[in-house]
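Enquirer: next input, structure requested:
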Amino acid sequence: MNIKPLADRVVVKPIEEVETKKGGIIIPDTAKEKPMQGEIVEVGPGRTSDEGARMPMDVKKGDKVLYGKYSGTEVSIEGEDFLIMRESDIFAVIHNG
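Expert: A predicted model of the protein is given here:
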């Protein structure tokens, strides 16, 4: 992928949930909840403070994160769906173990 987010933005690949069935009924894609977790695939350099200093990002490429339901802007790059959002839209980093 050839995309580099600016400032404190990140590119996130949503992690799709497994198809949900309730009482044997398959729920259509349009009724499913949007995933609220994903993996960061690209990270911007960080925002610039009022004094001109670069503020380092707290997340990095490869982090699995939780974000708000309506966070970010949906984009399609090379046929794949991604979200571009500000680092502040991320609630937490998921650590395994």
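
Enquirer: tell me which helix or strand the residue positioned nearest the centre of the chain sits in.
Expert: Residue closest to the average C-alpha location in the chain (CA atoms, centre = their mean): Val12, at 3.1 Å. Using DSSP states H and E, Val12 sits within strand 9-14.

Enquirer: list the buried residues of the helix or strand where Phe82 lies.
Expert: If you go by DSSP H and E, Phe82 is part of strand 80-86. Residues of strand 80-86 classed as buried: Phe82, Leu83, Ile84, Met85, Arg86 (neighbour count, 16 or more other CB atoms under 10 Å). For every residue, glycine as well, the C-beta is placed using N, CA and C.

Enquirer: strands paired with the very next helix or strand once past that strand, and their directions?
Expert: Per DSSP H and E, the first helix or strand lying C-terminal to strand 80-86 is strand 90-94. Listed by DSSP bridges, the sheet partners of strand 90-94 and their directions read strand 64-67 (antiparallel).
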